[in-house]
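Colleague: Got a sequence here, can you model it:
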Amino acid sequence: MAASRKWVREMADPSNDTLARLRSWMLLRINGRERPVSPPSPWQSGCPELLTGLRARPVWETAELPWLRPFEERAGEIRAELLALRSCRGFQPLKIPNWASSGKVASPDGAGSLSHDAGEWNVFYLSLHELPFADNRARCPVTVSLLAALPRPYDHAFFSALTPGTHVVKHHGPTNKKLRVHLPLVGVEGSRLRVADRTYECVEGRCFAFDDSFEHEAWHDGDRTRIVLVFDVWHPDLHDREVQFLSLLQRSRLRAEMKRAEAAAERAARGCAVANASLVAREGGGREEESAPLARGDNFFQLLRDAKNALPDNEWWV
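Modeller: Numbering: from 1, shown residues only. This is a model prediction of the structure:
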């Protein structure tokens, strides 16, 4: 709370030009909004959070992002680490909370939502907002070292696998505060990505950077599983002080959600205990107790935990 008050005081100072964007951001929230009335581009109209004053480009030229060059230069090593994963577990189905996307597709198991309406979309996490993926990271030392060298990582990186025939429905990312980078590694033939009003063919070993606050959609019509390295970076227009504050806020929000997930897990465990006690009571003629139902699909960390062991093998990887 003390840190938050300090930041609010700094943002409220009209002479602080560095935090002018955050001042507008704060005023929006004071008025109960997370985005301006008119987005910078109509293609961003479905994005839930928009920070004003950032360049709104659907796609960014890699020449403007020199820190991408090492990923292309060492794409062969990254690919070798990826291919070694085929003999071990670690991939899991991509699940999103029910509230997180307007383009969601109901998950067949009722837990959370999907972003695809055909095929399979599986992911192998390397970093995700301070969550530990020690086993995954240990298997990919080159990839992890390149991610660690990024100047301003958003702390979200994973291998993304689409099986043949997969269609990722049109949707928006959660915010325009970041850029998303794809490095296609295997099975890219027949894979396409639309960002705003243009569709792009994937090129193996070449980075593709885009602003996923713009509406985007993907298809994989090839006959091999398409796998790309995906990672996010803070928007280049953000000042380091802005990134410092927004990172603090993001960590606070995610820690709160993680606590809610832990509390839900505890309630579920208590519910099992109550159910067992009820069974014993019924068999012994005693009073039956009931536990409150546990809502599914609204907590990101709960979905991650539940999906961790959902894939018994890698037979989906063709």
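Colleague: Was I right to think Ser107 contacts Ser113?
Modeller: Yes - contact criterion Cβ atoms under 8 Å: Ser107 and Ser113 qualify, at 5.7 Å. For every residue, glycine as well, the C-beta is placed using N, CA and C.
Colleague: mind showing which ranges of this protein have poor pLDDT?
Modeller: 100-103, 261, 265, 268, 272-297 (pLDDT under 70).
Colleague: now the helices: where do they sit in it?
Modeller: In the chain, the helices defined using DSSP state H lie at 2-12, 20-30, 69-73, 75-84, 134-138, 141-148, 240-283, 300-307.
Colleague: quick one: contacts of the third one?
Modeller: With contacts defined as Cβ atoms under 8 Å, 6 or more residues apart in numbering, helix 69-73 is touched by Thr62, Ile78, Leu146, Ala149, Val181, Leu183, Gly205, Arg206, Cys207, Leu229.
Colleague: could you redo the last one with a cut-off of 10 Å?
Modeller: 62-63, 78, 143, 145-147, 149-150, 181, 183, 205-207, 229, 231 (Cβ atoms under 10 Å, 6 or more residues apart in numbering).
Colleague: measure the nearest residue to Trp99 once chain neighbours are set aside to Ile227 for me?
Modeller: Nearest non-adjacent residue to Trp99, counting by Cβ to Cβ, 6 or more residues apart in numbering: Asp298, 6.3 Å away. Distance from Asp298 to Ile227, counting by Cβ to Cβ, to the nearest Å: 29 Å.
Colleague: again with Ala149
Modeller: Remark: distance between Ala149 and Ile227 (Cβ to Cβ) = 22 Å.
Colleague: coming back round to it: residues touching the residue nearest to Trp99, list them.
Modeller: Residues near Asp298 by Cβ under 10 Å, 6+ apart: Pro97, Asn98, Trp99, Ala100, Ala111, Gly112, Glu257, Arg260, Ala261, Ala264.
Colleague: my guess is the second one meets Ala106, correct?
Modeller: When you say that, I think you mean Asn98. Yes - shown here, Asn98 and Ala106 form a contact pair, counting by Cβ atoms under 10 Å, at 8.8 Å.
Colleague: Looking at these two, which is more packed in?
Modeller: Applying other Cβ atoms under 10 Å to Asn98 and Ala106 shows that Asn98 carries more neighbours, namely 18 against 12.
Colleague: mind checking how far that one is from Asp298?
Modeller: 5 Å.
Colleague: Name the residues contacting each of these two.
Modeller: Ala111, Gly112.
Colleague: How much space separates Lys308 from Ala138?
Modeller: According to Cβ to Cβ, Lys308 and Ala138 sit 16 Å apart.
Colleague: Tell me what the residue nearest to Leu83 when sequence neighbours are not counted is bridged to.
Modeller: Excluding the flanking residues, the one nearest Leu83 by Cβ to Cβ, 6+ apart is Val186, at 7.2 Å. When assigned by DSSP bridges, Val186 has beta-bridge partners Ile227.
Colleague: ok, back up a step: which residue of Lys308 and Ala138 possesses the greater neighbour count?
Modeller: Taking other Cβ under 10 Å, Lys308 and Ala138 do not tie; Lys308 has more neighbours (13 against 9).
Colleague: My guess is the more buried one contacts Gln92. True?
Modeller: Yes - counting by Cβ under 10 Å, Lys308 does reach Gln92; the two are 5.6 Å apart.
Colleague: which residues are in contact with both of these two?
Modeller: Common contact partners of Lys308 and Gln92 (Cβ under 10 Å, 6+ apart): Tyr125.
Colleague: Distance-wise, check Phe214 relative to Glu72.
Modeller: As judged by Cβ to Cβ, Phe214 and Glu72 stand 23 Å apart.
Colleague: more crowded one of these two?
Modeller: Phe214 (26 against 13).
Colleague: Please report the distance of the more buried one from Ala138.
Modeller: Note on Phe214: its distance to Ala138, by Cβ to Cβ, is 35 Å.
Colleague: okay, now the residue nearest to Pro164 when sequence neighbours are not counted: neighbour count?
Modeller: Nearest non-adjacent residue to Pro164, counting by Cβ to Cβ, 6+ apart: Asp223, 5.4 Å away. If you count neighbours by other Cβ under 10 Å, Asp223 ends up with 11.
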